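Engineer: okay, here's the prediction I keep looking at, along with the sequence it came from:
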Amino acid sequence: SVDTETENHIKQALNILMAGRTTLIIAHRLSTLEGADRVVVLKQGELVETGDHNSLIAADSEYAQLFRQQIHL
């Protein structure tokens, strides 16, 4: 577990490392994916949805529901 400040430092470092590259991220905290070009959501090994953060949030998708749960914790 990391505090919010440390999490932000980690995100900034990752953004620098990932710039201009294709990167696969498996994330526990969905806020890590907010800047991703594409988010792929798997459920029980099956592809259930894909899109960027904003489109998945706007579609009220499973991703959106999980994201809202995490930000309210």
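Structural biologist: Received it, and whenever you're ready, just let me know what you need.
Engineer: looking only at pLDDT, what's the mean for the strand or helix carrying residue 10?
Structural biologist: Using DSSP states H and E, residue 10 sits in helix 4-18. Per-residue pLDDT over helix 4-18 has a mean of 90.
Engineer: which residues sit against the helix or strand hosting residue 55?
Structural biologist: Applying DSSP H and E as the criterion places residue 55 in helix 53-58. With C-beta atoms under 8 Å, 6 or more residues apart in numbering as the test, helix 53-58 has contacts from 33, 34, 35, 36, 39, 41, 49, 63, 64, 67. (Each C-beta comes from the backbone N, C-alpha and C, glycine too.)
Engineer: for the residues you listed, give me JSON lines that also has pLDDT and secondary structure.
Structural biologist: As requested, those are arranged in JSON lines below (pLDDT from 0 to 100; DSSP: H, G, I helix; E, B strand; the rest coil):
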{"residue": "33", "pLDDT": "88", "secondary structure": "helix"}
{"residue": "34", "pLDDT": "88", "secondary structure": "coil"}
{"residue": "35", "pLDDT": "86", "secondary structure": "coil"}
{"residue": "36", "pLDDT": "90", "secondary structure": "coil"}
{"residue": "39", "pLDDT": "95", "secondary structure": "strand"}
{"residue": "41", "pLDDT": "94", "secondary structure": "strand"}
{"residue": "49", "pLDDT": "96", "secondary structure": "strand"}
{"residue": "63", "pLDDT": "94", "secondary structure": "helix"}
{"residue": "64", "pLDDT": "95", "secondary structure": "helix"}
{"residue": "67", "pLDDT": "93", "secondary structure": "helix"}
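Engineer: next, the buried residues of the helix holding residue 55.
Structural biologist: Within helix 53-58, the residues that qualify as buried by neighbour count (16 or more other C-beta atoms under 10 Å) are 53, 56, 57.
Engineer: distance from it to the middle of the chain?
Structural biologist: Relative to its chain's centre, helix 53-58 lies at 11 Å (C-alpha atoms, centre = their mean, to the nearest Å).
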